[in-house]
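Colleague: Sequence isn't available, so here's the structure alone:
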């Protein structure tokens, strides 16, 4: 199941991506993705190869990520706070075949190019132009709008995220792709596919949030009470009780 194409068929003019004043409808997103996927294949990018995304979040980055998957390749978003040595390491370790580069990172890309011989194509996402790189806009314009036929049939893509490397070198963690069609039956059974419904999901925090951000009665176990219209108050120590209770109060305070 091609989720982008499905939305384009059902809601062709509805906005799919919005960035400031820029908008892409589902039809425009599908066509831009397909065009870029054809151009990536024309550059020799093969299914299963890695393509790095080295740019700030933005509309074109999302188009590029979708196109990489449509070409059967694997997007690798790269941390934009890395040093030159770290960038060169990830490009080498991932065996990146191509790199999409945002304007802010063109100088860094230029600095590590000589150390990244496996990269066959450097693609510039913004307004910057270099003689060693290809323009994202030119690739989109040169492609075709029909879906790219991949050997072996439809590929649902994946992604690779590099760890921070706090215990050694960063490691690439692969997240497998999946067919959205296989998810629909269980989601329908849970009644979460009705377009009129809104579902909010909150992840459980593993650390306690700042106390000042909570609203709670002064009898709470937290050391401060901070509610709208009230003055934060320090909890009073227990007036009586065991020594253990007093120690417990001191730890919570």
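Modeller: It's in. Just so it is clear, the structure is predicted and the values come from calculations on it, not from any experiment.
Colleague: partners of residue 76 in the sheet?
Modeller: Using DSSP bridges, the bridge partners assigned to residue 76 are residue 52.
Colleague: in the stretch 101-250 of the chain, which segments are predicted with low confidence?
Modeller: 153-157, 177-183, 199, 201-250 (pLDDT under 70).
Colleague: As a check, name the ranges of all strands in the chain.
Modeller: 15-19, 22-25, 50-54, 74-77, 98-101, 121-124, 134-135, 158-162, 172-176, 224-225, 233-234 (DSSP state E).
Colleague: list the buried ones in stretch 79-93?
Modeller: When burial is assessed from 16 or more other C-beta atoms under 10 Å, stretch 79-93 yields the following buried residues: 82, 86, 87, 88, 89, 90, 91. For every residue, glycine as well, the C-beta is placed using N, CA and C.
Colleague: what's the answer for stretch 12-23, then?
Modeller: Quick answer for stretch 12-23 (16+ other C-beta under 10 Å): 16, 17.
Colleague: So which of the buried residues of stretch 79-93 is the closest to residue 34?
Modeller: Of all those, residue 34 sits closest to residue 91, with 26.9 Å by C-beta to C-beta.
Colleague: now that closest one: how far from residue 152?
Modeller: As defined by C-beta to C-beta, to the nearest Å, residue 91 lies at a distance of 27 Å from residue 152.
Colleague: next one: residue 167
Modeller: Taken as C-beta to C-beta, the span from residue 167 to residue 152 is 37 Å.
Colleague: And for residue 189?
Modeller: 31 Å.
Colleague: Check residue 137 too.
Modeller: 31 Å.
Colleague: Looking at these two, which one has more neighbours?
Modeller: Set side by side, residue 137 and residue 152 show more neighbours around residue 137, with 13 against 7, by other C-beta atoms under 10 Å.
Colleague: Now do the contacts for the more buried one.
Modeller: Applying C-beta atoms under 8 Å, 6 or more residues apart in numbering to residue 137 gives no contacts.
Colleague: Against residue 187, how distant is it?
Modeller: 37 Å.
Colleague: now the strands of the chain in JSON lines, with distance to residue 6?
Modeller: Rendered in JSON lines, the data for the strands of the chain read as follows (distance: least, C-beta to C-beta, whole Å):
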{"stretch": "strand 15-19", "distance to residue 6": "12"}
{"stretch": "strand 22-25", "distance to residue 6": "14"}
{"stretch": "strand 50-54", "distance to residue 6": "24"}
{"stretch": "strand 74-77", "distance to residue 6": "21"}
{"stretch": "strand 98-101", "distance to residue 6": "25"}
{"stretch": "strand 121-124", "distance to residue 6": "27"}
{"stretch": "strand 134-135", "distance to residue 6": "30"}
{"stretch": "strand 158-162", "distance to residue 6": "20"}
{"stretch": "strand 172-176", "distance to residue 6": "21"}
{"stretch": "strand 224-225", "distance to residue 6": "50"}
{"stretch": "strand 233-234", "distance to residue 6": "55"}
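Colleague: out of those strands, which comes closest to residue 44?
Modeller: Closest of the strands of the chain to residue 44 is strand 121-124, at 8.0 Å (criterion: C-beta to C-beta).
Colleague: strands paired with that closest one, and their directions?
Modeller: Short version: by DSSP bridges, strand 121-124 pairs with strand 98-101 (parallel), strand 134-135 (parallel).
Colleague: can you list contacts of the last one?
Modeller: Read it as strand 134-135. Residues outside strand 134-135 that contact it (C-beta under 8 Å, 6+ apart) are 43, 121, 122, 123, 124, 129.
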